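A.B. asks: Fold the following, please.
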Amino acid sequence: MSSAASVAVSEEQDERYYRIGEVSRITEVRPFVLRYWEEEFPMLEPVKGRQGYRLYRQQDVDLVLKIKRLLYDEGFTIAGARRHLRDLENGGGLEAAVEELTASTVTEGEAVKLNRKMLLDLRDSLRSFLTLLEGK
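C.D. replies: Residues are numbered from 1 along each chain as shown. Down below sits the predicted model:
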């Protein structure tokens, strides 16, 4: 874990933090799965509180929901979801989705799934760009 992530979290900060049990209830993902995902997805890195508890920020909760969608709804493997999220961070997720759509011939049902996937990827990419723009 990075040194910034291991810094004790002050209760006076404005940002809301969630403990693992709260994240588990919000996302409907069991705590042991969340701990496993922390090992498998380096971008999921909750901070540690003074007593060593995992404290998730809202962006971590959003990432858990995105991972859950990729694994459970979209049918990604863990390695595929990790690669997909890494591509989104690097801005390549949308291009890969478009290339995937144009490179393969698919049935109508598969096309609907891929179109939905492309739209979800586009939404995620746009959110990432918005976050980048808001930070400047």
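
A.B. asks: Quick check: phi and psi on residue 17?
C.D. replies: phi -120, psi 140 (degrees, to the nearest 10).

A.B. asks: Please pull out the lowest mean pLDDT helix or strand from this protein.
C.D. replies: Lowest by mean pLDDT, DSSP states H and E among the helices and strands of the chain is helix 93-103, with a mean of 54.

A.B. asks: Measure how far the next helix or strand after it is from the centre of its chain, please.
C.D. replies: With elements assigned by DSSP states H and E, the helix or strand that comes after helix 93-103 is helix 108-135. Centroid separation for helix 108-135 versus its chain: 13 Å, with CA atoms, centre = their mean, to the nearest Å.

A.B. asks: ditto for stretch 124-136
C.D. replies: Using CA atoms, centre = their mean, we find the averaged C-alpha position of stretch 124-136 to lie 14 Å away from the chain's own average C-alpha position.

A.B. asks: I'd like the average pLDDT over that stretch.
C.D. replies: Averaging the model's pLDDT scores along stretch 124-136 yields 74.

A.B. asks: ok, now stretch 83-92?
C.D. replies: Averaged across stretch 83-92, the pLDDT comes to 80.

A.B. asks: do the same with stretch 47-56
C.D. replies: When pLDDT is averaged along stretch 47-56, the result is 90.

A.B. asks: end-to-end on that stretch?
C.D. replies: The first and last residues of stretch 47-56 sit 7 Å apart, counting by CA to CA, to the nearest Å.

A.B. asks: my read: residue 125 touches residue 88, true?
C.D. replies: Yes: when contacts are counted by CB atoms under 8 Å, residue 125 is listed as touching residue 88 (6.2 Å). (C-beta placed from N, C-alpha, C; glycine too.)
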